[in-house]
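Colleague: sequence and predicted structure are below.
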Amino acid sequence: MRRFRTILTATLLLTADPLHANDIAQDPRRSGATFMAPETRAMQDDDTANPGMLWVQEGEALWTKAGGAAGKACADCHGDAQASMKGVAARYPAFDRELGRPVNLEQRINLERARHQEASPLAYESRDLLALTAFVARQSQGLPITAGQDPQLAPFVASGHELFTRREGQLNLSCANCHDDNWDKHLAGSAITQAHPTGYPLYRLEWQSLGSLQRRLRGCIFGVRAQPYDFGAPELVELELYLMTRAAGMAIEAPAVRP
Amino acid sequence: MAALINVPPRAKRGDIIEIKTLMSHIMETGYRRTTTGEIVPRDIITSFTCRYNGAEIFRADLFPAVAANPFISFFTIVAESGTFDFEWIGDNGFSATAKAAITVE
């Protein structure tokens, strides 16, 4: 009976209200931010309360700092990041022709360092790499995610999706078991959320620091008691790519704040 | 060190304004151990002060229970145009300063 009533209500909702018949259907996808307490959202929305902005500030300083054997700064080629980096984070991971595979934003920064600055790569999750990534990502704040549009990426998106739905670890769970099937529930008091990576790199209160999407993914993989892939592993990049295509069209929030 | 300061650029005489500060710091408690069992030495900010045209208007002592990147907000009554000077002092000789100007009409 209850089920019947649910269906009936749903049908009424769909058929009634001719006034709004032409409205665009509201996106049922939700950013992780919509699962947060109002206080945490306020923290994210206020640039002087969002700790992620500390990294953005440091990234801005690094942007104009000359480095490597070439003695060049990011700004020497890219100029004002506000113009040149606008929308860049929204389309990453992107295809790198030389490598023949997708690279994420952190890897792109390190590739640019190697190819143009003749500098050594920055370690994953190091302060400087997170700062530069946050600074670049910040320039796309509010823009819709466009990752995965390049047709060359199609096979990598597919393998990312395959990873998302593959059960693994001692708990024998896939990402989809939580983030597709149970996103409206809680896991030990925490909202499960829909796996839309709109805000990375982001400040997690639990981490007491900024962190990358790969750090988050490794945390989840560890959580199902599987062996996490190394930072920068092709599998993690493919997973990242699939997640970004899943969130295509949603607005970039970086640097976001999450509990 | 990076700091984020939020002071309204202008206010009316007698207004109550909110000042928000966010300081970049790891706030290592000194209670954690490494995987090999050694204690990670304490590294925290121990004191924060705010001066308004030279006069101290706010002071806070910080302890290991304070989270990383301490966010401190407080209120004050503005009397005259001038400068707010902020200072953070901590372990291992940590010292950072920042300032913000306000125009009072």
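Modeller: Nice, I can see it. Numbering: from 1, shown residues only, chains lettered A, B, ... in the order given.
Colleague: for B:I102, which non-adjacent residue is spatially closest?
Modeller: Spatially, and ignoring its direct neighbours in sequence, B:I102 is nearest to B:V7 (5.8 Å; CB to CB, 6 or more residues apart in numbering or on different chains). Where you see a C-beta, it was placed from the backbone N, CA and C, and this is true even at glycine.
Colleague: and for the nearest residue to B:R33 once chain neighbours are set aside, the neighbour number?
Modeller: The shortest distance from B:R33 to any non-neighbouring residue, by CB to CB, 6+ apart, is to B:I39 (5.7 Å). When neighbours are counted by other CB atoms under 10 Å in any protein chain shown, B:I39 registers 10.
Colleague: what do you get for the one 4 residues further on?
Modeller: If you count neighbours by other CB under 10 Å, B:D43 ends up with 16.
Colleague: cool, and B:A67?
Modeller: When neighbours are counted by other CB under 10 Å, B:A67 registers 11.
Colleague: what separation do you get for it and chain A?
Modeller: Going from B:A67 to chain A by CB to the nearest CB, to the nearest Å gives 6 Å.
Colleague: ok now stretch A:82-99, how far from the chain's centre?
Modeller: Computed by CA atoms, centre = their mean, to the nearest Å, the chain-centroid distance of stretch A:82-99 equals 13 Å.
Colleague: what's the residue nearest to B:R33 sitting at in phi/psi?
Modeller: The phi/psi pair for B:I39 (degrees, to the nearest 10) reads phi -70, psi 130.
Colleague: who's in contact with it?
Modeller: Shown in contact with B:I39 (CB atoms under 8 Å, 6 or more residues apart in numbering or on different chains): B:30-33.
Colleague: could the residues you listed be laid out in CSV, adding pLDDT, neighbour count and secondary structure?
Modeller: Listed next are those as CSV, based on pLDDT from 0 to 100; neighbours: other CB atoms under 10 Å in any protein chain shown; DSSP: H, G, I helix; E, B strand; the rest coil:
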residue, pLDDT, neighbour count, secondary structure
B:G30, 96, 12, coil
B:Y31, 96, 10, coil
B:R32, 96, 10, coil
B:R33, 97, 9, strand
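Colleague: and the residue of the stretch 1-150 of chain A closest to chain B?
Modeller: At 3.6 Å from chain B, A:T48 is the closest residue in the stretch 1-150 of chain A, using CB to the nearest CB.
Colleague: wasn't that residue part of a strand?
Modeller: No. Counting by DSSP: H, G, I helix; E, B strand; the rest coil, A:T48 is not part of a strand but coil.
Colleague: spatially nearest residue to it, not counting backbone neighbours?
Modeller: Nearest in space to A:T48, with sequence neighbours left out and distances taken as CB to CB, 6+ apart, is B:N6 at 3.6 Å.
Colleague: tell me how far the one you found lies from A:R30.
Modeller: 29 Å (CB to CB, to the nearest Å).
Colleague: and what of A:P259?
Modeller: From A:P259 to A:R30 the distance is 15 Å (CB to CB).
Colleague: tally of neighbours for the residue nearest to A:S212 when sequence neighbours are not counted?
Modeller: In this structure, A:S212 finds its nearest non-sequential neighbour in A:P201, 5.1 Å apart by CB to CB, 6+ apart. Per other CB under 10 Å, the neighbour tally for A:P201 reads 34.
Colleague: what distance do you get for the closest residue to chain B within the stretch 151-259 of chain A to B:E28?
Modeller: As assessed by CB to the nearest CB, chain B sits closest to A:Q208 within the stretch 151-259 of chain A, at 3.8 Å. According to CB to CB, A:Q208 stands 10 Å off from B:E28.
Colleague: what's the answer for A:G223, then?
Modeller: 25 Å.
Colleague: for the residue lying closest to B:N92 once chain neighbours are set aside, give the beta-bridge partners.
Modeller: Of all residues not flanking B:N92 in the chain, B:D43 sits nearest, at 5.9 Å (CB to CB, 6+ apart). Note on B:D43: beta-bridge partners B:E28, judged by DSSP bridges.
Colleague: same question, the one 5 residues further on
Modeller: The residues paired with B:F48 through beta bridges, assigned by DSSP bridges, are B:A60, B:W88.
Colleague: so who does it touch?
Modeller: Counting by CB under 8 Å, 6+ apart, B:F48 touches B:21, B:23, B:58-60, B:62, B:70, B:72, B:86-89.
Colleague: most surrounded residue in those?
Modeller: Highest neighbour count within those, by other CB under 10 Å: B:M23, with 26 neighbours.
Colleague: what's the spacing between that residue and chain A?
Modeller: Per CB to the nearest CB, B:M23 is found 8 Å from chain A.
Colleague: phi, psi for that residue please.
Modeller: Backbone torsions for B:M23, taken as degrees, to the nearest 10, come to phi -120, psi 140.
Colleague: OK, contacts around it?
Modeller: Listed by CB under 8 Å, 6+ apart, the contact partners of B:M23 are B:1, B:3, B:45, B:48, B:69-70, B:72, B:88, B:96.
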